[in-house]
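S.K.: Using only what follows, build the 3D model:
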Amino acid sequence: MRYSFLLLLFAVTVLGCGRFDNPDEKMDEGERIVVISKQYAEIMYALGATENLVAVDLSSTYPPEIKELPTVGYHRALAAEPILAMKPTLILHDNNIGPEPVVTQLEELEIPMRTFGHYGNTIAGTDSLIREMGAYFGKEAAADSLVRKLDADMERALAAAGQYTETPTVLIIHYGRASNVYLVMTENSTAARLLEWAGGKTAVAGEREMAQISPEVIAAADPDIILLTDFGYDRLDDGGEVVQLPGVSTTNAYRDGRVFRVEEHDMVYLGPRTGEVVLRLQQLIHPDAGR
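M.R.: You can find the predicted model right below:
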């Protein structure tokens, strides 16, 4: 076992030498943090706590400048080598990483790993997570400001939602279409909660957060609004080819011109901008409501 670890570390050292175009100036300057959680990564940026952040996972796409960092792979399909190539002194993750053998391998190499508290998929829980991370990074004042803004935005959004007299049905298509099957977000997703706060409801039920459905199911659901996440929408020439999507072009949403683009990272987790996201959804779902 020890011999195999030495071989692995040698390979990582070789890989790491060619990882960057320029020498890494942070190599000997203290902590090197790899973050494998899109929620944690966004909060760190919002806190102004990224000075020691050296890499993230592929799902971390907000804010835009995060894309300048190296990535270590998809959070549920990791390999040890890309992570070790970053020479991390700390790995932050939210317990949603895998596969298990890679996690075990990292633990056996005794690389420090940390998760923050799991407070549930609620605004109060998000507030608590922001405050815990703020305390950890010595950014308590920034955390307090983020929490106050999040709570104020949500208060405004919920007050507006309480005045709506209609609850439109909304279908969120995630990553477009493959093999004539759509991957959509269900009533058990974070997106469904955002829609509820915004004064809408999801058009598709399901036990999991995502479900694969056919064009026939989309046509039968006949949603009032369709939201396409950025990857799928952008592949359709900014929506110009939506008419070609089976099942979509027969819906009320398409006929009424209510097919919109949304950012995937806005719909799959709660964070400092969740109140802003809900307010933007309200503008799409209830465009004629007074502001």
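
S.K.: Would you mark the buried spots in stretch 65-73?
M.R.: For stretch 65-73, the neighbour count (16 or more other C-beta atoms under 10 Å) marks 66, 69, 71, 72, 73 as buried. For every residue, glycine as well, the C-beta is placed using N, CA and C.

S.K.: I'd like the average pLDDT over it.
M.R.: In this model, stretch 65-73 has a mean pLDDT of 97.

S.K.: thinking residue 216 is in contact with residue 247, fair?
M.R.: Yes. Using C-beta atoms under 8 Å, residue 216 is in contact with residue 247, at 6.3 Å.

S.K.: okay, the two: which has more neighbours?
M.R.: residue 247 (21 against 10; other C-beta atoms under 10 Å).

S.K.: Look up how far residue 241 lies from that one.
M.R.: 14 Å (C-beta to C-beta, to the nearest Å).

S.K.: quick one, helices of this protein?
M.R.: 2-17, 38-47, 80-85, 100-108, 123-136, 140-161, 190-198, 215-221, 230-234, 252-255, 264-267, 274-285 (DSSP state H).

S.K.: So which of those helices is nearest residue 53?
M.R.: When these are compared by C-beta to C-beta, helix 38-47 sits nearest residue 53, at 6.3 Å.

S.K.: Tell me how far the closest residue to residue 126 other than its chain neighbours lies from residue 112.
M.R.: Leaving aside its chain neighbours, residue 126 sits nearest to residue 270 (4.5 Å; criterion: C-beta to C-beta, 6 or more residues apart in numbering). Distance of residue 270 to residue 112, computed by C-beta to C-beta: 26 Å.

S.K.: Out of the two, name the residue with the larger neighbour count.
M.R.: Higher neighbour count among residue 270 and residue 112: residue 270, with 22 against 12, using other C-beta under 10 Å.

S.K.: so who does the more buried one touch?
M.R.: Counting by C-beta atoms under 8 Å, 6 or more residues apart in numbering, residue 270 touches 39, 121, 122, 123, 125, 126, 190.
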